[in-house]
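**Student:** sharing a sequence plus its predicted fold:
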Amino acid sequence: MQKSFQYLFISAITFLLGYLYLRFAYDYTQKTPFLNEIILIVLGTIVTIAITAALLNKQSEVEIEKEQRVKIFDIKSDLYFELINFIEEIIRKSEINHKDLITLEFLTHKISVIASPEVLQEYSNFVQTVKTTSADSKISPLESEELSSKLAKLCGKIRYDLIIKDESSNLDIQNIIDSNIKKI
């Protein structure tokens, strides 16, 4: 930001000095219309270059921001799907061992870096459920259902974090996700 401000300041001073010089040259060449037209052409070219440079600079900023958002989206979606696949694996084998808890711990660290506050809050609730489920290392059908229900709530927050930014539709989608899980 500081660098772009300095660049803008130097450009403005250069433009102002160039304009003053060309204005002086225009007034000085008032008696010769041909030179006047050349000065006006040069002045018009400079203005066009300045506007084009400003537009290109802004376009570059927008492109960089867009690339960052895409990269963050990719990282988030990969991490969230990694978590869902990991929980699926645990529920399928109906047990959770020390190795699984270590994997979950590192997934927690990764999620804490990239997730939105809403996802982190719901993930905290989910991890608490996993912790109580892992007390005896076995996952009963009732515990599996509870894990699935908590994961469904977490998926609603994840969906909102990745895709939707409208609160009202977020609540509707969360209700639909919960309903779908209860049907299974």
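**Tutor:** Yep, it's here. Residues are numbered from 1 along each chain as shown.
**Student:** can you give me the mean pLDDT across the longest helix along the chain?
**Tutor:** For the chain, the helix with the greatest residue count under DSSP state H is helix 33-93. Average pLDDT, helix 33-93: 86.
**Student:** also stretch 104-119?
**Tutor:** Mean predicted confidence for stretch 104-119 is 89.
**Student:** returning to what we had before: roughly how far out does the longest helix of the chain sit from the chain middle?
**Tutor:** How far helix 33-93 lies from its chain's middle: 13 Å, per C-alpha atoms, centre = their mean, to the nearest Å.
**Student:** domain parsing of this protein, as residue ranges.
**Tutor:** As recorded under automatic domain parsing, the domains making up the chain are 2-65, 72-183.
**Student:** which of those domains is buried the deepest?
**Tutor:** Greatest average neighbour count among these goes to domain 72-183 (a mean of 15), per mean count of other C-beta atoms under 10 Å. Using the backbone N, CA and C atoms, a C-beta is placed for each residue, glycine as well.
**Student:** pull the distance from that domain to the chain's centre.
**Tutor:** The chain centroid and the centroid of domain 72-183 are separated by 20 Å under C-alpha atoms, centre = their mean.
**Student:** returning to what we had before: the longest helix of the chain: what's the following helix or strand?
**Tutor:** For helix 33-93, the following helix or strand on the C-terminal side (DSSP states H and E) is helix 98-114.
**Student:** C-alpha coordinates for that next one, CSV please?
**Tutor:** The C-alpha trace of helix 98-114 is given here as CSV (Å, rounded to 0.1, in the frame of the first residue of the first chain):
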residue,chain,number,x,y,z
HIS,A,98,-5.2,-42.9,19.2
LYS,A,99,-3.9,-42.5,15.6
ASP,A,100,-7.2,-41.1,14.5
LEU,A,101,-7.2,-38.6,17.4
ILE,A,102,-3.8,-37.4,16.3
THR,A,103,-5.0,-37.0,12.8
LEU,A,104,-8.0,-35.1,14.0
GLU,A,105,-5.8,-32.9,16.1
PHE,A,106,-3.8,-31.9,13.1
LEU,A,107,-6.9,-31.4,11.0
THR,A,108,-8.1,-29.1,13.8
HIS,A,109,-4.9,-27.0,13.5
LYS,A,110,-5.4,-26.8,9.8
ILE,A,111,-9.0,-25.8,10.1
SER,A,112,-8.2,-23.2,12.7
VAL,A,113,-6.0,-21.4,10.2
ILE,A,114,-8.4,-21.1,7.4
